[in-house]
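>>> Model the following, please.
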Amino acid sequence: MNAVEIEEAISTLAEQPFDAAEFPYLFLQAFGNKETTLRRLRKGETNKSDLGGVLQTNHIHIASAAPGEVTKTLFALKASPMTGKAKAKFVLATDGATFEAEDLTSGGTVACAYKDFPDHFGFFLSLAGITTVEQVRESSFDIRATSRLNRLYIELLKDNPDWSTSARSHDMNHFMARLIFCFFAEDTDIFRSTGLFTNTVEQMSEKDSSNTHEVVGTIFRAMNTKIEDRTAAKLPRWADAFPYVNGGLFAGSTDTPRFSKIARSYLIHIGNLDWKKINPDIFGSMIQAVADEHERGALGMHYTSVPNILKVLNPLFLDDLRARLEEAGDNPRTLLNLRKRMARIRVFDPACGSGNFLVIAYKEMRLIEAEINKRRGESDQNSEIPLTNFRGIELRDFPAEIARLALIIAEYQCDVLYRGQKEALADFLPLDTQNWVTCGNALRVDWLSICPPTGTGVRLQADDLFATALDQAQIDFENQGGETYICGNPPYLGGKTQSPEQKSELASVFGSSESIGELDYVSGWLLKGAECAATTHANVAFVVTNSVNQGAQVHQLWPRIFSLGIELFFAHKDFKWANNATHNAAVICSIVGLRPKGGKKKTLFFDGLAREVDCIGPYLVPGHEIVVEQALAPISELSPIITGNSPYDGGNLLLTAEEKSDLLLRYPEAKSVVKRLYGAKDYLSGDQRYCFWIDDASLPLAISIPEIQGRIEKVREFRLSGGQVARSLSSRPHQFRYTHQAKTHLIIAPRVSSERRPYIPFGLLSEDCIVSDSAQAIYDAELWHLAILLSLLHMAWVRTVAGKLKTDLRYSSALCYNTFPMPRLTDKNKVDLTRCAEDILLAREKHFPTTIGDLYDPDGMPTDLREAHDRNDEVLERIFIGRRFRNDTERLEKLFELYTRMSAGSRATKKAK
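Below is the predicted model:
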């Protein structure tokens with residue numbers, strides 16, 4: 001269940017008559033417990049309660065209390081030995097009049113009237129496996145409002161199917177935006193009368209809902225009619241109570257969808273919520289999912305947390321503003337200059353969604369401005385920060401509308417907070433008609449037309465705030481000559497998941513389809529942002545997929561950005577950017593800040609720490625801007641590494657352990673053409689697979705065995721029906737595409753390995769083993785190679801330059817192995833490293849039959865194996881610098897220094913040839 005579904009179930013439970021016996025089970029059911037789980041609790045099979053309540057292990061202990069004894073019962077639940085033994089996270093007691101609960105982990109509590117406990121449903125979201133940020137957990141209103149609006153939206157489309165078509169979807173979305181404004185305005189005195197909109201609809205529309213659409217449409221028409229024009233407009237007297245809103249919000253058609261009795265009831269119920277509690281920075285993102293059926297599965301959790309947004313905005317410009325405020329102290333002139341500077345700052349989000357980044361930037365700037373005004377003794381001063389300096393581009397029209405509305409609401413809330421209700425109301429209406437969020441494709445639109453570097457041009461006044469043409473290029477900024485900050489969270493799409501249209505959009509930014517390779521979609525925003533920064537001296541910060549700072553994408557993207565004279569001035573490296581753990585757990589992101597070269601201070605954030613550095617490179621490591629280029633051969637004295645053998649066989653050259661045993665039982669002579677096959681998974685997990693390995697000399701023997709001959713013919717048929725490569729192999733159907741085999745031994749290199757492992761567990765195999773194409777192999781290499789691959793030095797390099805498969809490391813020969821820089825080894829160095837490799841292999845052997853994968857599980861790695869690795873690290877690192885490295889940062893600094901020298905030498909040698 002998602003959060004909205006839980007909220008609906010909890011609200012329904014609160015509206016029903018209280019049943020003391022059934023309440024615990026109904027409460028658990030509302031949080032997604034299945035009927036089978038509840039049945040076992042009812043029977044007592046899994047109910048561990050010793051107080052006559054319901055105790056669900058690892059979750060909650062619930063008891064219905066006698067009237068007036070809720071607190072006493074809650075204390076008893078906390079004190080119960082079974083509560084601790086069952087590791088319950090919550091205790092809950094209620095008598096149907098009062099409701100009390102406690103989070104035993106955090107100590108947080110809820111105490112309220114029973115009818116109000118749905119307001120606190122977010123407190124218990126972890127019972128449904130939903131991990132969410134504290135801000136939303138404590139502010140359940142936004143989810144409750146989203147839930148009600150979602151039900152209304154679906155009900156309206158049910159009775160007005162034409163409004164769900166593409167031709168009318170904008171009208172429906174515009175209608176919902178109007179409703180949201182009305183709900184907010186009637187609860188915040190903007191309408192000068194609490195509940196004006198909801199009460200009017202309830203009183204003036206028939207209970208059978210037959211004229212509800214007419215009443216709502218009339219209200220909308222009134223709010224688009226100036227007071228002096230009301231008589232001529234012939235509005236009914238009851239509509240005169242509504243103010244003139246303007247701003248384009250109610251301009252244009254007042255056509256309204258028809259309401260069923262249920263839809264009318266939903267509308268009134270929504271209006272009775274307390275809309276003063278709205279958080280525009282969260283609510284906007286939640287509500288945009290209402291209009292997108294593809295996003296409704298995550299309804300109520302579709303937001304970006306404020307702490308995550310501030311990871312972008314703080315180092316981009318807010319930290320500097322706060323520092324200048326601190327420096328200003330109480331100096332009136334310095335404070336005034338800072339206020340004027342802030343009034344000219346432009347914040348531009350070219351992937352703005354429902355406006356989260358813009359709203360948070362606005363609210364944080366208003367907070368700083370309020371402190372300036374307080375220190376200057378001007379607390380009643382009107383804000384000099386115009387909403388029109390907060391620009392955005394959004395592809396979909398509904399989020400774009402909600403973004404504008406969220407900013408309007410944020411402005412009003414800030415005015416109330418910092419200037420008072422009376423002053424805020426005096427300046428709020430009518431709304432400004434300027435449009436400052438554009439609905440369009442950010443990779444197709446000229447950003448400088450939306451957020452120009454100067455204020456010159458023709459001011460465009462829109463007839464409809466929510467239907468302004470895309471060619472709104474010449475909108476003046478009120479304050480010319482200020483700073484521009486570009487920020488946001490562009491879409492996450494890898495190269496292989498982009499549609500042809502998205503590929504085309506990316507190609508239009510980079511100049512050609514050949515130049516984009518497998519670049520992530522976000523690369524388009526990075527390059528356009530860098531171009532804007534180079535042109536206008538703007539600073540840019542985006543949340544990006546961490547793959548743009550790894551693997552092949554680095555040399556496809558970052559040289560292009562650096563060539564514009566742009567540098568990285570801050571970065572957050574590799575963290576989970578999760579709206580909700582259930583929906584977004586695997587999204588590992590980074591944040592990169594770009595600016596024109598020349599700034600002094602640069603900050604690298606990692607693992608919660610901030611480090612001042614001289615330079616941040618494209619791999620988000622300090623010290624250099626070096627880009628590691630793919631290499632076809634090792635730049636050091638390492639032996640070549642080769643991709644494993646590809647069968648191209650339709651499975652006919654492969655055998656399971658059972659098939660191999662059965663074959664050899666019937667045809668013992670086949671033993672010479674059957675070999676052990678290792679892919680990455682087989683090697684790590686210990687699975688046994690085999691293959692036919694038939695050279696030309698042994699082909700007569702193979703085809704003399706009917707089963708093998710039949711398989712060879714199936715391979716021929718498979719290849720003849722395949723692509724060009726497969727067809728070219730049809731003349732030798734008894735063999736893999738490649739036929740690499742060791743003479744003495746081989747080192748196997750898994751192509752994918754878990755990020756959790758401290759080392760990629762490279763291994764040593766005998767010469768009669770065959771490596772498949774899910775791994776790579778180094779054939780007949782000296783054993784000291786294995787010591788190098790099994791080192792922290794090599795892992796530091798791999799973690800930095802390798803690509804990722806989700807969060808797993810992808811070991812690339814061209815990027816990880818061939819580029820690894822090594823000093824020239826002496827014979828003694830090689831002897832020492834060989835001994836280290838042998839010690840590691842012996843330590844592994846002691847734990848047979850434990851699999852390699854289990855041996856390298858960081859939570860269960862044997863002590864003797866760790867110690868063998870540690871000795872190996874010490875020997876290798878002393879070869880590099882004469883001592884152990886202090887950390888990976890120091891390791892990488894040395895490795896990149898070596899790489900720069902060795903790759904330059906390699907290029908010079910090639911040029912001489």
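
>>> alpha carbons only for contacts and neighbour counts from here, please
OK.

>>> I'd assumed Leu604 was in contact with Pro618.
No. Taking contacts as C-alpha atoms under 8 Å, Pro618 lies outside contact range of Leu604: 11.9 Å.

>>> Looking at these two now, which is surrounded by more residues?
Pro618 (27 against 21; other C-alpha atoms under 10 Å).

>>> For that one, give me its contacts.
For Pro618, the contact set (C-alpha atoms under 8 Å, 6 or more residues apart in numbering) comprises 549, 554, 558, 568, 625-627.

>>> and those, which of them are in helices?
554, 558 (DSSP state H).

>>> Let me know the closest of the contacts of Pro618 to Pro849.
Distance to Pro849 across those (C-alpha to C-alpha) is lowest for Asn549, with 38.7 Å.

>>> contacting residues around that closest one?
618-620.

>>> Closest one to Gly122 out of those residues, please.
Ranked by distance to Gly122 (C-alpha to C-alpha), these are led by Leu620 at 36.5 Å.

>>> What is the distance between stretch 727-744 and the centre of its chain?
In terms of C-alpha atoms, centre = their mean, to the nearest Å, the centre of stretch 727-744 is found 43 Å from the chain centre.

>>> looking at it, Tyr690 is touching Val673, isn't it?
No. Applying C-alpha under 8 Å as the test, Tyr690 and Val673 come out as separate, 10.3 Å apart.

>>> re the thing from before, restricted to strands, list the contacts of Asn549.
Among the contacts of Asn549, the subset assigned to strands under DSSP state E is empty.

>>> Would you quantify the distance from the nearest residue to Val416 once chain neighbours are set aside to Pro559?
Counting by C-alpha to C-alpha, 6 or more residues apart in numbering, Ala424 is the residue found nearest to Val416 once chain neighbours are left out, at 5.4 Å. Using C-alpha to C-alpha, to the nearest Å, we find Ala424 at a distance of 50 Å from Pro559.

>>> Which of the two has more residues huddled nearby?
A side-by-side neighbour count of Ala424 and Pro559, using other C-alpha under 10 Å, places Ala424 first with 20 against 14.

>>> On the three-state scheme, that one is what?
Three-state assignment for Ala424 (DSSP: H, G, I helix; E, B strand; the rest coil): helix.

>>> from memory it sits against Tyr412, does it?
Yes. Using C-alpha under 8 Å, Ala424 is in contact with Tyr412, at 6.4 Å.

>>> Quick check: Asp349 vs Val540, distance?
Applying C-alpha to C-alpha to Asp349 and Val540 gives a distance of 10 Å.

>>> who touches both of those two?
When contacts are counted by C-alpha under 8 Å, 6+ apart, the set common to Asp349 and Val540 consists of 486-487.

>>> From what I see, Arg344 and Glu483 are in contact.
Yes. Using C-alpha under 8 Å, Arg344 makes contact with Glu483 at a distance of 6.6 Å.

>>> Touching both of the two, which residues are there?
Counting by C-alpha under 8 Å, 6+ apart, nothing touches both Arg344 and Glu483.

>>> Pull out the buried residues from stretch 513-526.
516-526 (16 or more other C-alpha atoms under 10 Å).

>>> and that stretch, how far out from the chain's middle?
With C-alpha atoms, centre = their mean as the basis, stretch 513-526 stands 18 Å off its chain's centre.

>>> Give the rounded mean pLDDT of it.
Model confidence over stretch 513-526 averages 88 on the pLDDT scale.

>>> State the next helix or strand along the chain beyond the host helix or strand of Tyr362.
Using DSSP states H and E, Tyr362 maps to helix 356-375. Remark: after helix 356-375, the chain's next helix or strand is strand 390-394, criterion DSSP H and E.

>>> how about whatever helix or strand comes next after that next one: buried residues?
Next along the chain after strand 390-394, taking DSSP H and E as the criterion, comes helix 397-419. Neighbour-count burial for helix 397-419, with 16+ other C-alpha under 10 Å as criterion, is recorded at 397-416, 418-419.

>>> what packs against helix 397-419?
Packing partners of helix 397-419 (3 or more C-alpha pairs under 8 Å, 6 or more residues apart in numbering; DSSP states H and E): helix 169-187, helix 280-288, helix 356-375, helix 421-428, strand 437-439.

>>> Could you list the low-pLDDT ranges of the stretch 351-500 of the chain?
Low-confidence segments of the stretch 351-500 of the chain, defined by pLDDT under 70: 433-435, 454-481.

>>> what about 90?
352-356, 379-381, 387-388, 394-410, 412-413, 416, 419-440, 448-482, 491-500 (pLDDT under 90).

>>> Let me know how buried Leu321 is, in neighbour terms.
18.

>>> My error: substitute Ala14 in the last question.
Using other C-alpha under 10 Å, Ala14 has 18 neighbouring residues.

>>> picking up where we left off before, between Tyr690 and Val673, which has more neighbouring residues?
The neighbour count for Tyr690 versus Val673, taken as other C-alpha under 10 Å, is higher for Tyr690 (20 against 16).

>>> beta partners of the more buried one?
Leu655, Arg676 (DSSP bridges).

>>> where does it sit relative to Leu653, distance-wise?
Applying C-alpha to C-alpha, the value for Tyr690 to Leu653 is 9 Å.

>>> Please apply the same query to Trp784.
Trp784 is 34 Å from Leu653, where distance means C-alpha to C-alpha.

>>> neighbour count winner among the two?
Per other C-alpha under 10 Å, whichever of Trp784 and Leu653 has more neighbours is Leu653, with 23 against 20.

>>> Tell me if I'm right that the more buried one and Glu659 touch.
No. Using C-alpha under 8 Å, Leu653 is not in contact with Glu659; the gap is 11.5 Å.

>>> hmm, back to that, which neighbours do Ala424 and Tyr412 share?
In contact with both Ala424 and Tyr412: no residue, using C-alpha under 8 Å, 6+ apart.

>>> Mind checking which of Asp349 and Val540 has more residues around it?
In terms of neighbours (other C-alpha under 10 Å), Val540 is the more surrounded of Asp349 and Val540; the figures are 31 against 28.
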